[in-house]
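Q: Provided below for reference: sequence and predicted model.
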Amino acid sequence: MTAQAEAATATQASTQPAAGKVKVATIWLDGCSGCHMSFLDMDERLVELAEKIEIVYSPFVDAKTLPSQVDVGIIEGSISNEEDEHKARLFRDRCKLLVSLGDCAVNGNVPAMRNPFKLETVYERAYLENVNVNQQIPTDGVPALLKTVRPVHGVVDVDVFIPGCPPSADTIHTILSDLIEGRTPEPIKVTRFGA
Ligand code: SF4
């Protein structure tokens with residue numbers, strides 16, 4: 001997806017906010033955390049949002065267990081290893097609406113640059129050729145890489161796409177506001193680097 005391309009942000013738009021605050025969960029998979037930083041760039045608007053949403057699971061909060069029922073789930077990053085795949089499926093199962101946030105989630109972006117290469121080549125390049133000390137390919141406690149990196153919708157159904165690297169705080173605010181009010185987000189212009 002190119003920087004100036006027009007992109008649809010939503011494949012469906014219906015969400016019925018739960019009684020009380022809308023429960024929102026976020027997670028980063030294979031990304032750089034920049035999309036979450038862009039979320040924080042909403043600055044004082046976060047205070048307004050806090051009156052309408054409850055962040056029940058996220059790198060932003062201490063809660064480490066994804067609740068069984070969430071209204072809006074937001075995924076940053078692509079699906080690169082078995083753990084990413086498991087977490088994406090868990091989000092899909094437990095979130096009424098699933099949002100792909102940022103180009104890594106939407107189209108694979110930077111993590112998917114390894115896709116033209118064999119997995120062995122990727123491992124050797126990362127852990128043997130580019131390392132001067134203690135060269136070894138890790139196996140203990142490290143989730144196995146998938147053969148290819150996939151966007152989130154390559155593994156589970158996604159309801160809303162927010163492209164950009166990262167999407168701007170304005171874009172995130174507009175779309176999140178629509179979702180928590182039960183509106184269909186309008187198509188947006190792709191934004192890059194917080195523009
Ligand atoms: S889309 Fe860009 S900012 Fe977001 S996680 Fe990927 S590389 Fe980072």
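A: Structure's in. What do you need? Numbers count the residues shown, from 1 in each chain.
Q: all contacts plus neighbour counts: C-alpha atoms, from now on.
A: Will do.
Q: what is the residue nearest the centre of the chain paired to in the beta sheet?
A: With distances taken as Cα atoms, centre = their mean, E76 lies nearest the centre of the chain, 1.6 Å away. Judged by DSSP bridges, the bridge partners of E76 are W28, L101.
Q: Distance of it relative to F161?
A: 11 Å (Cα to Cα, to the nearest Å).
Q: Please identify every residue contacting each of the two.
A: Common contacts of E76 and F161 (Cα atoms under 8 Å, 6 or more residues apart in numbering): 100-102.
Q: contacts with the ligand among these, please.
A: Restricting the shared contacts of E76 and F161 to those within reach of the ligand (Cα under 6 Å from any ligand atom) leaves G102.
Q: tell me the SS of R183?
A: Secondary structure, DSSP: H, G, I helix; E, B strand; the rest coil: R183 is coil.
Q: what's around it, how many residues?
A: Neighbour count of R183, defined by other Cα atoms under 10 Å: 16.
Q: try D41
A: When neighbours are counted by other Cα under 10 Å, D41 registers 17.
Q: Verify the contact between it and A169 for me.
A: Yes - using Cα atoms under 8 Å, D41 makes contact with A169 at a distance of 5.5 Å.
Q: Surely V156 is within a helix?
A: No - counting by three-state DSSP, V156 falls outside a helix, being coil.
Q: so for stretch 74-93, what's the average pLDDT?
A: What stretch 74-93 shows for mean pLDDT is 98.
Q: Repeat that for stretch 139-153.
A: The average pLDDT within stretch 139-153 is 94.
Q: anything in that stretch near the ligand?
A: No - Stretch 139-153 is not in contact with the ligand by Cα under 6 Å from any ligand atom; minimum separation 10.8 Å.
Q: Pull out the buried residues from that stretch.
A: 145-146, 148-153 (16 or more other Cα atoms under 10 Å).
Q: again, but for stretch 164-172
A: By neighbour count on 16+ other Cα under 10 Å, the buried set for stretch 164-172 is 164-172.
Q: picking up where we left off before, closest to the ligand out of the shared contacts of E76 and F161?
A: Minimum distance to the ligand across the shared contacts of E76 and F161 is 4.1 Å, recorded for G102 (Cα to the nearest ligand atom).
Q: So what's the predicted local confidence for the closest one?
A: On pLDDT, G102 comes in at 96.
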